[in-house]
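**Q** Starting from these lines, generate the structure:
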Amino acid sequence: MNSHFSTPAAYDHFTPTLYDRLHARFLRLSGGEGQSAIEGAVTALLRPGMRILDAGCGTGRLARRLLKTEPQLDMTLLDCSPKLLRASCDLPVRRLYGDLTNLALPDRHFDLTLALWVIEASDDPLRAIRELLRITRPGGYVGLLFCSRTDTSDMIDRIVERAVILKGTGQFLQTNAVVDELIASGADQIRQLACHGPATALLARIGA
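**A** The predicted structure follows:
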C-alpha cells in the first residue's frame with residue numbers, strides 16, 4: 001500500500017480556490033455519496049465541547065459545516081499545506097501544519113478524529129491509521145473516508161482513479177487492509193457506511 005509520491009509537493013501548487021474547485025468536481029463525479037454518508041454519521045455524534053481533529057482539513061470546509069451544526073466544538077485542523085490551512089484563519093479553531101504519519105499530538109486526546117480523503121494521500125497509509133487511533137481516546141471515534149477499489153467500480157470510477165494517480169495526489173486503497181489495521185490498532189467496532197462510487201466510508205470506535 002505504500003505510494004511513491006510526495007504529497008506535500010503535489011499539493012503545493014494548489015491555491016485554496018483551485019483546491020476547492022477540484023475537490024467539488026471530484027465529489028460530483030465520484031465521492032459525493034461517501035461524503036454525505038460520513039458527514040451524516042459524524043453529525044449524529046456531535047456534542048458541545050467535543051475535542052475533534054480534522055486531519056487533512058484542506059481549506060476547512062468540513063469544519064465550517066460541523067461548527068454551524070454545533071458551535072461549541074473544540075476543533076483542531078491539520079494539513080500538510082500551509083497555504084490551504086491559512087484559508088481557515090477566520091474559524092475559531094486550532095491550526096496545525098504537519099504530517100499525518102507523525103502527529104505532534106498527545107495520546108488518547110480526541111473524542112472524534114476525522115480523516116476524509118487523506119489517508120490515501122499519505123506516503124504510508126497504515127502508519128497514518130495507527131497515528132489517528134493513537135491520539136483518539138478510548139470510547140472515541142475515528143471517521144475515515146478514502147478512495148478505494150470496489151466490485152462495483154465503473155468506467156468513470158476507473159478514469160478518476162487514473163487521474164488521481166497521474167496527478168500524484170493519492171492512491172486507491174484496499175478496504176480490507178484498512179479494516180485490518182483499524183482492528184490491530186485498537187478499534188473494537190467498525191461500521192462501513194453505505195455509499196457507491198470508488199470510496200469507502202468507515203466509522204470506528206476505539207476500545208477501552
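
**Q** only C-alpha atoms for contact and neighbour calcs from this point on.
**A** Noted.

**Q** And stretch 174-188, what's buried?
**A** Thr175, Val178, Val179, Glu181, Leu182, Ile183, Ser185, Gly186, Ala187 (16 or more other Cα atoms under 10 Å).

**Q** hey, C-alpha coordinates of the longest strand along the chain in CSV?
**A** Counting residues, the longest strand found in the chain (DSSP state E) is strand 136-147. Extracted in CSV, the C-alpha atoms of strand 136-147 (Å, rounded to 0.1, in the frame of the first residue of the first chain):
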residue,chain,number,x,y,z
THR,A,136,-8.1,9.1,20.0
ARG,A,137,-9.4,8.4,23.5
PRO,A,138,-10.9,5.0,24.4
GLY,A,139,-14.6,5.1,23.6
GLY,A,140,-14.0,7.8,21.0
TYR,A,141,-14.4,7.5,17.3
VAL,A,142,-12.3,7.6,14.1
GLY,A,143,-14.1,8.5,10.8
LEU,A,144,-12.3,7.6,7.6
LEU,A,145,-13.3,8.3,4.0
PHE,A,146,-10.9,7.2,1.3
CYS,A,147,-10.6,6.3,-2.4
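
**Q** just to revisit the earlier point, now the two most distant members of the buried residues of stretch 174-188.
**A** Thr175 and Gly186 (17.0 Å; Cα to Cα).

**Q** Just the helices from the chain, written as ranges.
**A** Taking DSSP state H as the test, the helices found in the chain are 7-11, 16-26, 32-43, 61-69, 82-85, 125-134, 155-167, 175-184.

**Q** which one of those has the most crowded surroundings?
**A** Among these, ranked by average contacts under mean count of other Cα atoms under 10 Å, first place goes to helix 125-134 (a mean of 22).

**Q** ok, now which ones touch Leu73?
**A** Leu46, Arg47, Pro48, Gly49, Met50, Arg51, Ile52, Leu67 (Cα atoms under 8 Å, 6 or more residues apart in numbering).

**Q** residue contacts, the first one?
**A** With contacts taken as Cα under 8 Å, 6+ apart, Leu46 has the following neighbours: Glu70, Leu73.

**Q** if we can go back for a sec, redo the helices of the chain as a markdown table? Include mean pLDDT and distance to Ala201.
**A** Formatted as a markdown table, those follow (pLDDT from 0 to 100; distance: least, Cα to Cα, whole Å):
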| stretch | mean pLDDT | distance to Ala201 |
| --- | --- | --- |
| helix 7-11 | 57 | 21 |
| helix 16-26 | 70 | 16 |
| helix 32-43 | 90 | 6 |
| helix 61-69 | 96 | 15 |
| helix 82-85 | 90 | 24 |
| helix 125-134 | 97 | 14 |
| helix 155-167 | 54 | 16 |
| helix 175-184 | 96 | 9 |
